[in-house]
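> got a structure for you, letters missing:
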């Protein structure tokens, strides 16, 4: 996400208020609020994508803003402002803090409180004629029930923005996980029938939703990119991490089962002996400490402790510096259903960095990119094939860089946030029976 100064306000929101957002007097400008519980403006890839949606809608002459019921992180959010503007995007937190409590009961109480507050906010704004439509991001039905109920009873038009088939994510067990699974199933199979439309991230995911809604009620809105996002990144992240003379392979993202990190480590072990100059850098984190314990055990068993770096979360500037330094950027997801129905957020910035991208043939990746034309593809869950692809890329690196340049052209052509949000806005307008 582009760094920009926040116009700040420490006071919490009042019902129906939004910082410095004046509804347009033009009747053809849609007034849209996107509801998403994320860390903002500094957060993960989902936060960056959400930012581009709002920014793109506003650049296409919609009065759009971001409503954040609560953040997702605890003890470390850099942003402490509850409302303001970031890079032209108005945002407001409904919680008393941008951080989440470490205590489960308090988090549950906060969720109930902020969702009720969000619902009142929407009702007040709609009744005062300052709202045309609401977008609910990847809804958890039970969690968003106050908001959904308000929209249904108040006849507030709402759309669903779905980026994953969350009902397939069964990483956790127990009563809470079962309840969450049911909530996701309702959100995926029943809620779309009451929405004005569904905005789906990938063609693979759209096939699932078409079982429950008409094709005219669905639009595919891909991973968005902003060409200005990746700069020359003057900061040398590799040098700061004691890797100034090393060639590095870089992965960035979460460490969930869908991300296939153990396969990447095993693949790296197959090429490491022949490439003593090569190191593997894994950026990101997982809230489950057992995940990293297992990865470190695997790294130690393969004798790679001095060859694999895991810096955790890094600043945006540092992240982009790692991208520019990388020999290859990796997104080799596992061959599991949850991975097929989602799409790696980081792919857009990967391609903008003009480094060769190696991904696995999972989900819709082959519908956007062509192997050895603008991307390199490997078989999912196959460390040997991943290793062979790494070796081939490094063997003819000038060719790999030409393919990387073609990949950048592909994402700018097909995923640039401004024209994509023009289509997005046209779809919403059509569903609302309005003309822009």
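Structure's in. What do you need? What you see is a predicted model; the values in this text were computed from it and never measured. Numbering: from 1, shown residues only.
> ranges for the helices of the stretch 301-436 of the chain?
316-325, 337-340, 347-352, 365-368, 383-395, 397-415, 417-431 (DSSP state H, counting those that start in this stretch).
> to clarify, my last question referred to the stretch 51-200 of the chain.
104-127, 145-154, 175-189.
> any weak-confidence spans in the stretch 151-300 of the chain?
Where the stretch 151-300 of the chain drops to pLDDT under 70, the residues are 171-172, 231-246, 287.
> for the residue nearest to residue 381 when sequence neighbours are not counted, grab the count of nearby residues.
Spatial nearest neighbour of residue 381, excluding adjacent residues (CB to CB, 6 or more residues apart in numbering): residue 335 at 4.4 Å. No exception for glycine: its C-beta is placed from N, CA and C like everyone else's. Other residues within reach of residue 335, judged by other CB atoms under 10 Å, total 16.
> hmm, residue 335 is touching residue 362, no?
Yes. Between residue 335 and residue 362 there is a contact under CB atoms under 8 Å: 6.6 Å.
> between these two, what contacts are shared?
residue 380 (CB atoms under 8 Å, 6 or more residues apart in numbering).
> any idea how this protein splits into domains?
6-224+416-431, 228-415 (automatic domain parsing).
> span of the shortest one from start to end?
It refers to domain 228-415. Counting by CA to CA, to the nearest Å, you get 13 Å between the two ends of domain 228-415.
> quick one, what contacts the residue nearest to residue 150 when sequence neighbours are not counted?
Leaving aside its chain neighbours, residue 150 sits nearest to residue 119 (4.0 Å; criterion: CB to CB, 6+ apart). By CB under 8 Å, 6+ apart, residue 119 lies in contact with 146-147, 149-150.
> from these, which is closest to residue 367?
residue 147 (32.5 Å; CB to CB).
> residue 222 and residue 170: what is the separation?
According to CB to CB, to the nearest Å, residue 222 and residue 170 sit 26 Å apart.
> about what we covered before: quick one: the residue nearest to residue 381 from residue 382, how far?
9 Å.
> quick one on the thing from earlier: just name the most buried of the helices of the stretch 301-436 of the chain.
The highest mean neighbour count among these, using mean count of other CB atoms under 10 Å, belongs to helix 347-352: a mean of 26.
> who touches that one?
Against helix 347-352 from outside (CB under 8 Å, 6+ apart): 45, 48, 223-225, 227, 229-230, 252, 320, 323, 329, 331, 357, 359, 374, 404, 407-408, 410-412, 415.
> how about the nearest residue to the residue sitting nearest the centre point of the chain, chain neighbours excluded?
For the chain, the residue nearest the mean C-alpha position is residue 46 (2.5 Å; CA atoms, centre = their mean). Leaving out its chain neighbours, the residue that sits closest to residue 46 by CB to CB, 6+ apart is residue 38, at 5.8 Å.
> so who does the residue nearest to residue 348 when sequence neighbours are not counted touch?
Excluding its sequence neighbours, the residue lying closest to residue 348 (CB to CB, 6+ apart) is residue 225, at 3.9 Å. If you count contacts by CB under 8 Å, 6+ apart, residue 225 has them with 52, 348-349, 351-352, 411-412, 415-417.
> tell me the two of these that are most distant?
52 and 351 (14.6 Å).
> circling back to that earlier point, more neighbours, residue 222 and residue 170?
Taking other CB under 10 Å, residue 222 and residue 170 do not tie; residue 222 has more neighbours (19 against 13).
> where does that one fall, secondary structure wise?
Residue 222 belongs to no helix or strand when assigned by DSSP states H and E.
> next, the nearest residue to residue 208 once chain neighbours are set aside: phi, psi?
Excluding the flanking residues, the one nearest residue 208 by CB to CB, 6+ apart is residue 165, at 6.0 Å. When read as degrees, to the nearest 10, the backbone of residue 165 gives phi -90, psi 90.
> quick one: contacts for residue 165?
188, 205, 208, 337-338, 341-342.
> repeat for residue 184
140-141, 166-167, 169.
> want to throw those residues into TSV with distance to residue 90?
TSV is the format used below for these (distance: CB to CB, whole Å):
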residue	distance to residue 90
140	24
141	27
166	27
167	32
169	31
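> list just the nearest of the residues you listed to residue 160.
For the contacts of residue 184, the nearest to residue 160 is residue 141 (10.5 Å; CB to CB).
> quick check: the closest one touching residue 189?
No. Using CB under 8 Å, residue 141 makes no contact with residue 189, being 10.1 Å away.
> the two: which has the busier surroundings?
residue 141 (18 against 15).
> need the phi and psi values for that one.
Per degrees, to the nearest 10, the backbone of residue 141 is at phi -60, psi -50.
> so how far is residue 197 from it?
17 Å.
> swap in residue 429?
From residue 429 to residue 197 the distance is 11 Å (CB to CB).
> do the same with residue 230
Residue 230 is 32 Å from residue 197, by CB to CB.
> these two: which is more packed in?
residue 197 (24 against 21).
> name all residues that make contact with that one.
The contact partners of residue 197, by CB under 8 Å, 6+ apart, come to 159-160, 217-219, 427-428, 431.
> which SSE is the nearest residue to residue 135 once chain neighbours are set aside in?
Nearest non-adjacent residue to residue 135, counting by CB to CB, 6+ apart: residue 34, 4.4 Å away. Using DSSP H and E, residue 34 maps to strand 31-35.
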